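Engineer: test case, fold it:
(one chain, ligands or ions: 1)
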Amino acid sequence: MASGEREPFQNTVVEWIDSRMPIFTMLQKEYGVFPAPKNFNYFWNFGAIAMFMLATMIATGIVLAMHYTANTHMAFDSVERIMRDVNGGWLIRYIHMNGASFFFIAVYIHIFRGMYYGSYKKPRELLWILGALIFLLMMATAFMGYVLPWGQMSLWGATVITGFFTAIPYVGESIQTLLLGGFSVENPTLTRFFALHYLLPFVIFAVVFLHIWALHVTGSNNPLGIDTKGPQDTLPFHPYYTVKDTFGLLVFLMIYCVFIFFMPDILGHPDNYTKANPLVTPAHIVPEWYFLPFYAILRAITFNMNLYFIVGLVFLFVLIVEFIWRKKPVYLSASAGWAMLVIGGFLILTGFTGDSCQRIDPKWLDENGGFKGLCGALQSLPGMSAAAAPISAKLGGVLAMFGSVAMLFVLPWLDTHPVRSARYRPLYKLFFLLLVVMFLVLGYVGSQPADASLLGIPLIYLGLAGTGYYFGYFLVLLPLLSRFEKTKPLPESIHQAVLSKQIKVEAKI
Ligand code: HEM
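Structural biologist: Predicted coordinates for the structure are as follows:
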């Protein structure tokens with residue numbers, strides 16, 4: 001760091017410290033004169049906003065922990081006491097509760113901003129991966145935090161989610177027992193979740209430090225997605241972006257305050273104001289809103305993946321690698337590729353239909369003789385029974401959910417198009433916006449009961465379509481676009497683009 005040459009400070013106390021440990025020189029370099037592209041839009045506020053939210057969550061969390069009791073007999077009542085008797089306790093709790101939601105809002109906007117403007121591409125891959133790691137840690141922290149008030153959703157949410165780990169072959173049960181500290185969500189679960197919920201935000205803090213470090217090595221991307229070419233393209237971070245970040249933060253805080261003071265419970269679930277009761281299962285168990293798209297992906301896999309289906313998927317994956325990811329196929333000729341496509345598709349259809357037959361109402365099958373014959377023939381095939389399927393529906397759901405987060409980690413190698421910003425990539429922009437829509441649709445599907453339907457369409461199909469698009473976007477569309485998409489002409493420099501925009505605005509006036 002700044003241990004070499006340094007300018008002396010006027011303030012004697014600052015100078016005394018800095019000459020012994022040049023922390024002010026470092027801050028001045030990284031946050032004062034640090035050159036940032038001059039064309040940031042308001043989407044570039046959300047990193048600073050996320051940082052503010054992390055600090056808010058840690059500060060309010062520590063105060064809450066002073067009054068909270070991590071014991072199943074007292075946790076619910078200790079939270080009620082915070083709400084009613086502790087001075088300002090209600091405010092601290094509402095800031096923390098709604099803070100989790102607003103932290104996720106900020107981070108979701110931050111992630112989608114990065115995707116839209118291609119901020120994950122070279123040379124910012126590590127910065128992006130550290131971000132994805134932060135997101136994963138945030139998910140774990142929020143999940144464990146929701147268990148602490150020991151309401152009905154705390155208990156049953158934890159029961160459902162940890163139950164999914166049992167789907168992992170051989171070691172699943174042991175993992176679940178380790179997570180819970182027993183065979184069900186009980187006192188040992190609550191105490192370990194409390195300990196980890198207190199610890200993880202500090203781990204997040206450390207990873208955010210690395211995130212910012214990596215950012216300050218590569219420098220920021222910008223809405224045009226082109227590199228800065230010199231001082232004419234940049235502005236010092238202070239005062240330009242300290243002021244802009246503060247303005248964005250204040251607007252964000254105003255909306256956050258509306259929730260804290262006027263609708264503090266709207267983002268939560270009313271069942272969590274009922275004390276946890278292992279003898280009463282809520283009619284409809286849902287996670288917090290920010291997990292809903294991932295919850296929909298988890299529930300989208302309702303079929304067992306038998307050997308036919310898996311072999312078909314492997315065929316398809318090989319085809320994607322050979323014909324989509326590679327510029328030229330290495331191992332397969334075009335005719336072999338077509339043959340694999342037909343056979344793979346046939347195997348997937350066979351495996352899927354054969355497994356689905358087991359769930360079709362026998363009465364309906366009796367009335368539709370043709371299907372009965374087909375199902376009978378398929379089910380007589382070896383390895384078609386649900387018990388013989390190597391990947392059960394439950395395990396398939398878990399793999400899909402973890403896979404959906406894993407896509408973020410490998411994104412820089414799936415989209416290798418040299419142009420970063422969606423502004424110059426019309427097709428990418430279209431498919432990206434569709435991804436955002438699908439993500440919202442998945443969120444809606446996740447919020448509804450598993451057997452619900454919309455306009456007569458079972459939501460299960462909508463969830464499956466959304467999940468298919470999600471994976472298709474990352475694994476197929478992005479690599480294809482990387483190879484074939486024609487882009488709009490890029491501006492020569494940030495400076496030139498900013499100037500020409502200014503000239504256009506002035507001409508209008
Ligand atoms: C606690 C959560 C996070 C905090 C506090 C945080 C903080 C920041 C800050 C302050 C910046 C610079 C300002 C800006 O570009 O907005 C930044 C940039 C960036 N962050 Fe994060 N971040 C977080 C999570 C994430 C996540 C989850 C991802 C992606 C998965 C991510 C990806 C990026 C990228 C790619 C940049 C560079 C953007 C650019 O230069 O265009 N961050 N982050």
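
Engineer: relative to V207, how far out is K488?
Structural biologist: 36 Å (CB to CB, to the nearest Å). Yep, even glycine has a C-beta here, placed from its N, CA and C like the rest.

Engineer: now do G344
Structural biologist: For G344 relative to V207 (CB to CB), the value is 40 Å.

Engineer: which one's more surrounded, the two?
Structural biologist: G344 (19 against 15; other CB atoms under 10 Å).

Engineer: any buried residues in the helix or strand where that one lies, and which?
Structural biologist: Using DSSP states H and E, G344 sits in helix 334-357. Under the neighbour-count criterion of 16 or more other CB atoms under 10 Å, helix 334-357 has 337, 340, 344, 347-348, 350-355, 357 buried.

Engineer: now that helix: how far from the chain's centre is it?
Structural biologist: Chain-centre distance of helix 334-357: 32 Å, with CA atoms, centre = their mean, to the nearest Å.

Engineer: could you say what helices and strands the helix or strand following it packs with?
Structural biologist: Next helix or strand after helix 334-357 toward the C-terminus (DSSP H and E): helix 362-367. Judged by 3 or more CB pairs under 8 Å, 6 or more residues apart in numbering; DSSP states H and E, helix 362-367 is in contact with helix 369-379.

Engineer: would you list the phi and psi of H269?
Structural biologist: Dihedral pair for H269: phi -120, psi 130, per degrees, to the nearest 10.

Engineer: which element is the nearest residue to it once chain neighbours are set aside on?
Structural biologist: Take H269 and drop its neighbours on the chain: the residue closest to it by CB to CB, 6 or more residues apart in numbering is M153, 4.8 Å away. Following DSSP H and E, the helix or strand that holds M153 is helix 152-164.

Engineer: who's in contact with that helix?
Structural biologist: By CB atoms under 8 Å, 6 or more residues apart in numbering, the residues outside helix 152-164 that reach it are 143, 146-148, 176, 179-180, 184-185, 189, 193, 269, 271-272, 274-278, 280-282, 285-287, 298, 394, 397-398.

Engineer: now those residues: which count as buried?
Structural biologist: Buried, going by 16+ other CB under 10 Å: 143, 146-148, 176, 179-180, 185, 189, 193, 269, 271-272, 275-276, 282, 285-287, 298, 394, 397-398, out of the contacts of helix 152-164.

Engineer: ok, G443 - contacts?
Structural biologist: Residues near G443 by CB under 8 Å, 6+ apart: 289, 292-293, 296.

Engineer: specify which member of those residues is nearest to L459.
Structural biologist: A296 (8.5 Å; CB to CB).

Engineer: distance between the helix or strand containing that closest one and the chain's centre?
Structural biologist: Secondary structure from DSSP H and E places A296 in helix 292-300. Averaging C-alpha positions (CA atoms, centre = their mean) puts helix 292-300 12 Å from its chain's average.

Engineer: got it, and stretch 178-190?
Structural biologist: Between the centre of stretch 178-190 and the centre of its chain there are 26 Å (CA atoms, centre = their mean).

Engineer: cool, stretch 408-418 as well?
Structural biologist: 16 Å.

Engineer: kindly report the same for stretch 90-105.
Structural biologist: 19 Å.

Engineer: go on, stretch 480-487?
Structural biologist: Worked out by CA atoms, centre = their mean, stretch 480-487 lies 26 Å from the chain centre.

Engineer: circling back to that earlier point, let's have the contacts of G443 in TSV, adding pLDDT, distance to the ligand and neighbour count.
Structural biologist: Below are those laid out as TSV (pLDDT from 0 to 100; distance: CB to the nearest ligand atom, whole Å; neighbours: other CB atoms under 10 Å):
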residue	pLDDT	distance to the ligand	neighbour count
W289	97	17	17
L292	98	18	20
P293	98	15	26
A296	97	20	29
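
Engineer: for the ligand, give me its nearest residue in the stretch 301-450 of the chain.
Structural biologist: Nearest residue of the stretch 301-450 of the chain to the ligand: L408, at 5.4 Å (CB to the nearest ligand atom).

Engineer: name all residues that make contact with that residue.
Structural biologist: With contact set as CB under 8 Å, 6+ apart, L408 has these partners: 111, 128, 132, 135.

Engineer: what does the stretch 101-250 of the chain put close to the ligand?
Structural biologist: 107, 110-111, 114, 117, 119-120, 124, 127-128, 131-132, 134-135, 204, 208, 211-212, 215, 220-221 (CB under 6 Å from any ligand atom).

Engineer: what comes up buried for stretch 37-54?
Structural biologist: 37-40, 43-54.

Engineer: do the same with stretch 160-180
Structural biologist: Result for stretch 160-180 [16+ other CB under 10 Å]: buried residues 160-162, 164-168, 172, 176, 179-180.

Engineer: pLDDT averaged over that stretch, what's the number?
Structural biologist: Stretch 160-180 carries an average pLDDT of 94.

Engineer: one more: stretch 230-245?
Structural biologist: The average pLDDT for stretch 230-245 rounds to 97.

Engineer: mind checking how far that stretch is from the chain centre?
Structural biologist: Computed by CA atoms, centre = their mean, the chain-centroid distance of stretch 230-245 equals 30 Å.

Engineer: with stretch 315-331 instead?
Structural biologist: How far stretch 315-331 lies from its chain's middle: 28 Å, per CA atoms, centre = their mean.

Engineer: end to end on that stretch, go ahead and measure it.
Structural biologist: End-to-end distance for stretch 315-331, by CA to CA, to the nearest Å: 13 Å.

Engineer: now stretch 326-344
Structural biologist: Terminal-residue distance, stretch 326-344 (CA to CA): 20 Å.

Engineer: and stretch 289-306, by the same measure?
Structural biologist: With CA to CA applied, stretch 289-306 spans 33 Å between its terminal residues.

Engineer: thinking again about what came up before, so which of the buried residues of stretch 37-54 is the closest to the ligand?
Structural biologist: G47 (2.3 Å).

Engineer: would you confirm that that closest one contacts H110?
Structural biologist: Yes - in this structure G47 lies within contact range of H110 using CB atoms under 8 Å: 5.9 Å.

Engineer: any chance you could map the helices in the stretch 101-250 of the chain?
Structural biologist: 125-147, 152-164, 172-180, 187-218, 237-262 (DSSP state H, counting those that start in this stretch).

Engineer: and of those helices, who's closest to V79?
Structural biologist: Closest approach to V79 among these (CB to CB): helix 152-164, 10.0 Å.
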